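Colleague: Provide a 3D model corresponding to the input given below.
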Amino acid sequence: MNATIIITRQKEEAYSFITMLEQHGHKIILLPMIKIEEPSSWEQCDREINTIDRYDGVIFTSSHAAVSFLNRMSEVASFEKLQSSILFAVGEKTQSTINKFHLNCYSLPEEHTAHGLAEQITKSHTHIKRLLFPKGDLAGDHIDRVLCNKGIEVTSIIVYRNLKAEVNDADKKEMCEKLNSNKLKIITFFSPSAVNNFVEIFPALHSYTNTFFAVIGETTKKAVRDRGLNVSIIPSKPASEELAAAIILFIESINSLH
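Modeller: Have a look, this model is predicted:
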């Protein structure tokens, strides 16, 4: 039995993920829940770029932050200004994004907690005293506070906005019909904001049968549980290819029961 897999991120972000699932014969429905836009003003970002030599490093916890910041920097300054700074990348996807700009970075595992990140930075780079932290407008300040408690001065700047994607009435109706069907359905989430947006648009998620939830990592898992829903699929490693593999195994296990 093939499954219908609902993907809540943009197609360009989920290309390899979609390809893996389609190769196993599963039907893919794209229904992005968020859209990424520029900040309302680049003033603060430009100011920090122009004085970036006063920082010991820059920390990126998402590929969106890396793309937005580095694209902006290429417009208003030169990457040569980063020569004295260490770039920290949380997760393989963020590291890969930075490498595409022909920049080197120090990789930090994505599964680290804020305390783990702070510990690794302070132990491996004892000279770090000031960090620049480009992030999205919905990011919290937990990492900032933990790093500050370790004696590191952190300056956060907003380099992108995370907005709710619009879903028209026709697409809502079609999706509700699919969710109401008895076919095997798996809804995939890659961020807490995608979870929250989806539940707001489709508040009856609790009532749909034969519907399972797959998440990329622990933070997104918590968002699903906070909404009173159960997570059935989570990969051992927070990467889209790992999630696709976990989904394929989950579907195979269900099929073996029938």
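
Colleague: Where does Val58 fall, secondary structure wise?
Modeller: Using DSSP states H and E, Val58 falls within strand 57-60.

Colleague: Each with direction, which strands does that strand pair with?
Modeller: strand 86-90 (parallel), strand 130-136 (parallel) (DSSP bridges).

Colleague: Distance check, the closest residue in space to Ala244 that isn't next to it in sequence against Ile29.
Modeller: The shortest distance from Ala244 to any non-neighbouring residue, by CB to CB, 6 or more residues apart in numbering, is to Met20 (4.0 Å). Every C-beta, even on glycine, is put in place using the N, C-alpha and C of the backbone. Distance from Met20 to Ile29, counting by CB to CB, to the nearest Å: 16 Å.

Colleague: relative to strand 130-136, how tilted is the worst-scoring helix or strand of the chain on mean pLDDT?
Modeller: Within the chain, no helix or strand scores below helix 114-124, which has a mean of 80 by mean pLDDT, DSSP states H and E. Helix 114-124 runs at 150 degrees relative to strand 130-136, counting by axes from the mean of the first three to the mean of the last three CA atoms, to 10 degrees.

Colleague: if I look at Ser84, how far off is Thr94?
Modeller: 21 Å.

Colleague: Mind checking which of those two has more residues around it?
Modeller: More crowded of Ser84 and Thr94, by other CB atoms under 10 Å: Thr94, with 25 against 12.

Colleague: from what I can see the more buried one touches Ser62, true?
Modeller: Yes. Applying CB atoms under 8 Å as the test, Thr94 and Ser62 come out as touching, 6.1 Å apart.

Colleague: which ones are touching the nearest residue to Gln120 once chain neighbours are set aside?
Modeller: Once flanking residues are discounted, Gln120 sits nearest to Leu108: 6.0 Å by CB to CB, 6+ apart. Leu108 makes contacts with Phe88, Ala89, Val90, Gly91, Leu117, Gln120, Ile121, as judged by CB atoms under 8 Å, 6 or more residues apart in numbering.

Colleague: just those residues now: which is nearest Glu242?
Modeller: Nearest to Glu242, judged by CB to CB, of the contacts of Leu108 is Gly91 at 11.8 Å.

Colleague: how deep is the closest one tucked in, by neighbour count?
Modeller: 22.

Colleague: how close does it sit to Phe202?
Modeller: In this view, Gly91 and Phe202 are 29 Å apart by CB to CB.

Colleague: In a markdown table: the strands paired with strand 57-60, plus distance to Ile187 and mean pLDDT.
Modeller: Shown next, in a markdown table, are the strands paired with strand 57-60 (distance: least, CB to CB, whole Å; pLDDT from 0 to 100):
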| stretch | distance to Ile187 | mean pLDDT |
| --- | --- | --- |
| strand 86-90 | 25 | 92 |
| strand 130-136 | 22 | 96 |
